[in-house]
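J.: sequence unknown, structure follows:
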């Protein structure tokens, strides 16, 4: 059964694509759009390019053909690249799938002729699958099934940064990522895109233009700030979160100094990350995880649940340890037994059990 086409949040989708196109600058070459649907995004953004599109829905293909008269749009399996490699050189591919774009991407990357620089855009709904059922696919096509809520939460929180991005970097080698951006819809649907370039290509740069058309340093805009805060909320350090959104930590520091609201948002995101771990710890503890129970109680109720392994070596207020021997000589008896056992251990005999 063919997957449904996403038709939600169209303005945010267009905004993300505009950012990528502006950063990439002029890209000669054709545009490939599987899952083209009715061609709404293509008509809004790509009408100046030669478009090659596909969809499994015949009615949608007919509508898209009417909206994009100069395009070549066919009914086809979008998980396979349906065109001959010689038809065009592509500089943009938009995989706006309903849930899983990576079969289509891998087929395109292996079967199409791609220019020295290319913009790639994805709609990924696997985080939603993770948190709902635990059944999901990683970008390499491998299927996974998670049962425990703790496993689902960990996979959900780190799916993009620890699964998608490392796989993508390795898969496209020797190509390099020049720029990457993303945003989440309802925390589950991930819209993301990247600009990649062949090593040594002359177009291996990002276009940063100011109001007067001059090249300017990278702009830390609102969408990038949102992505940065999401990475912090997911437990990443400030430095690593900056790397993930393609900026330096110094840029983040400058914005925090200049904008107290943004600085407060960073602190709130860090607190949110701690809260997520606290909640996960509580769930693990209430699920019967003994170690989690101990950690939770040691930190939340230290008076009643002190870790007895933390032995106090000093006396009261840091003074010397005061030793009192009762009239029955209990302490002396213990010391004598220890001394006897130590002497026995010097020989070859096994020490006798205590109380013998």
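T.: Thanks, I have it. In this text, all values refer to a predicted model and were calculated from it rather than measured experimentally. Numbering: from 1, shown residues only.
J.: buried ones in stretch 31-51, by neighbour count?
T.: Across stretch 31-51, burial judged by 16 or more other C-beta atoms under 10 Å covers 31-42, 45-46, 49-51. All C-beta spots, glycine's among them, are computed from the backbone N, C-alpha and C.
J.: before we move on, what about stretch 118-134?
T.: 118-131, 134.
J.: then stretch 256-276?
T.: For stretch 256-276, the neighbour count (16+ other C-beta under 10 Å) marks 256, 262, 265, 266, 269, 270, 273 as buried.
J.: state the distance from the third one to residue 200.
T.: Looking back up the chat, that one is residue 265. Distance, residue 265 to residue 200, by C-beta to C-beta, to the nearest Å: 40 Å.
J.: show me the helices in the stretch 201-350 of the chain, by range?
T.: Using DSSP state H, counting those that start in this stretch, the helices of the stretch 201-350 of the chain run over residues 222-233, 238-244, 249-258, 260-286, 290-300, 330-345.
J.: which other residues reach the first one?
T.: The contact list for helix 222-233 (C-beta atoms under 8 Å, 6 or more residues apart in numbering) reads 15-16, 19, 161, 181-184, 220, 238, 240-242, 244-247, 252, 255, 262, 265-266, 269-270, 272-273, 276.
J.: packing partners for the strand or helix carrying residue 115?
T.: Assigned by DSSP states H and E, residue 115 belongs to strand 113-124. Using 3 or more C-beta pairs under 8 Å, 6 or more residues apart in numbering; DSSP states H and E, the elements in contact with strand 113-124 are helix 10-24, strand 89-95, helix 102-111, strand 189-197.
J.: tell me the angle the third one makes with strand 113-124.
T.: If I follow you right, that is helix 102-111. 170 degrees (axes from the mean of the first three to the mean of the last three C-alpha atoms, to 10 degrees).
J.: quick one: buried residues of helix 102-111?
T.: 102, 103, 104, 105, 106, 107, 108, 109.
J.: likewise stretch 159-177?
T.: 159, 160, 161, 163, 164, 165, 168, 172, 175.
J.: ok, the fourth one touching residue 136?
T.: Read it as residue 163. No. Here residue 163 does not reach residue 136: they are 9.6 Å apart, not a contact under C-beta atoms under 8 Å.
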